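[1] give me a model of this one.
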Amino acid sequence: MKLDHFAHRLQASHFDTIVDMLVTRLGFVVLRASASSVWLRQHGANVDVQFTRSATTHRDADKRGSQLSFTSATPRADLESLAAWLAERGVAASVGSWSEREFYLDAPDAFVDFVLEAMTPDLARYPGHADKDAY
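    Sure, this is the predicted structure:
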């Protein structure tokens, strides 16, 4: 088997806003959409992400362990820019960190079971393994 996509849940009332952010701010394209879900791919990526509308009010207590992760030369600044964009659209968001090279963005009213993560590119290099593009 070969990995094709993974899925996360978005609170239904913020679904369109988050999809718009991913498309306009992070270069994703919509591959397919239904009444309950959307499948997206970022330019240059070979794994897709599916988001499903969720009516649940329950938020996973440990959702920070589940991330949609990006590399960036300026991870904190990029996430803070996204947080400001969301705030302008009425979605509260905050940026936290695990280290000086790893940051996360949580929008608790929108992200049901994950956070966005941004980290410096060196953290995505694994000794003894080829670049991801080589696989």
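[2] can you list the helices and strands that the biggest helix by length in the chain packs against?
    Counting residues, the longest helix found in the chain (DSSP state H) is helix 75-88. Contacts defined by 3 or more CB pairs under 8 Å, 6 or more residues apart in numbering; DSSP states H and E place helix 75-88 against helix 15-26, strand 94-97, strand 102-106, strand 115-119. Where C-beta positions appear, they are placed from N, C-alpha and C, glycine not excepted.
[3] identify the residues contacting the third one?
    With CB atoms under 8 Å, 6 or more residues apart in numbering as the test, strand 102-106 has contacts from 63-64, 67, 75-76, 79, 82-83, 93-98, 115-120, 123.
[4] narrow those to just the buried residues.
    63, 67, 75-76, 79, 82-83, 93, 95, 115-120 (16 or more other CB atoms under 10 Å).
[5] so where's this protein shaky on pLDDT?
    For the chain, the stretches flagged by pLDDT under 70 are 57-58, 60, 130-135.
[6] can we see that at 80?
    Low-confidence segments of the chain (pLDDT under 80): 57-66, 126-135.
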